[in-house]
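Participant: Provide a 3D model corresponding to the input given below.
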Amino acid sequence: MTTSILKKSLLVCSCICTGLFAEAQFSFAPKIAVGLTTATLSEPPRQAGNPGTVKTTSNVNGNVSVGLQVNYQFDDLWALNSGVFYQYIQPTFNEAVPGTSLTTIITDKFNYINIPLEITHINDQLKKGWYYGIGVNFGLPISGTEDVAGSTDTKTTVKFDGEKNANDNNNTHYNFLNVGGTVKVGYFFNNMFIGIDGNYGFSNIAPNTSSKYNINTYGIHYGYFLGRKVKKPAPAVADTTAN
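Facilitator: Residues are numbered from 1 along each chain as shown. Sure thing, here's the model as predicted:
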């Protein structure tokens, strides 16, 4: 009985997927991206003698992202894009130790699952052309570590639990959800596409009210549409009202 229900369910799902592809409303695109990461960190000093809040801009480091994009073409010129992507980012900060020539190097290594939601201008009646889009990205952390190299070296596990003022020598605490605004522009030809994009961090991932931590990423992406079909323009309708 269970096997029969499973077979019927799979058959229904197959029919639905076939219908979606036939209408060319949905398509999927494996996509990979490489790029650069920048961040700003404002927090109380890690060394005694530093007055006030220390604001530091990160070094420019690389990042990589890979995943599956889902496209829904709801109009001849517009589509909704979403999907699931794994991303590795590594913001690194150099914080000067006051009164010395020494520098404390703070390196965060984050693994994220990103879920974007974007509206994209793309003409489904063309085999090639430009596309551009804007939207929002929801970053869900998987894991992370923080390395601090200075007069003493420490390595802690990052917990994305939003705990404030944690007195914890073994762990670093950050907020869970990292929301950012996205923009992209690129060119598609047949089923392939290549473009550039940016993700600008709206969220402050530092839980303490005296700290602020924002992350931005920029990249070049490449992908391949599966199931995209070029839609033929509707034939012109003759004007029967003309004499």
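
Participant: Backbone dihedrals for residue 72, both of them.
Facilitator: phi -120, psi 110 (degrees, to the nearest 10).

Participant: That one is in contact with residue 78, isn't it?
Facilitator: No - judged on C-beta atoms under 8 Å, residue 72 makes no contact with residue 78 at a distance of 9.8 Å. For glycine as for every other residue, the C-beta is placed from the backbone atoms N, C-alpha and C.

Participant: nearest residue to residue 176 other than its sequence neighbours?
Facilitator: Among residues not flanking residue 176 along the chain, residue 160 sits closest, at 4.5 Å (C-beta to C-beta, 6 or more residues apart in numbering).

Participant: what's the distance between the one you found and residue 66?
Facilitator: Here residue 160 is placed at a distance of 21 Å from residue 66 (C-beta to C-beta, to the nearest Å).

Participant: Pick out the residue nearest the middle of this protein.
Facilitator: residue 114 (4.5 Å; C-alpha atoms, centre = their mean).

Participant: That residue reaches residue 88, doesn't it?
Facilitator: No - counting by C-beta under 8 Å, residue 114 stays clear of residue 88, with 11.0 Å between them.

Participant: hey, what's in contact with both of these two?
Facilitator: Residues touching both residue 114 and residue 88 by C-beta atoms under 8 Å, 6 or more residues apart in numbering: residue 65.

Participant: Just say helix, strand or coil for residue 126.
Facilitator: Secondary structure, DSSP: H, G, I helix; E, B strand; the rest coil: residue 126 is coil.

Participant: Just give me the neighbour total for it.
Facilitator: 14 (other C-beta atoms under 10 Å).

Participant: ok, now which ones touch it?
Facilitator: If you count contacts by C-beta under 8 Å, 6+ apart, then residue 126 has residue 230 around it.

Participant: Kindly provide the distance from it to residue 228.
Facilitator: 11 Å.

Participant: Partner strands of whichever strand or helix holds residue 184, with direction?
Facilitator: In this structure, residue 184 sits in strand 178-189 according to DSSP states H and E. Sheet pairing of strand 178-189 (DSSP bridges) gives strand 128-149 (antiparallel), strand 192-201 (antiparallel).

Participant: If you count neighbours, what's buried in the last one?
Facilitator: Neighbour-count burial for strand 192-201 flags 193, 195, 197-199, 201 (criterion: 16 or more other C-beta atoms under 10 Å).

Participant: Helix or strand next in line after that strand, which one?
Facilitator: Next in sequence after strand 192-201, counting helices and strands by DSSP H and E, comes strand 212-224.
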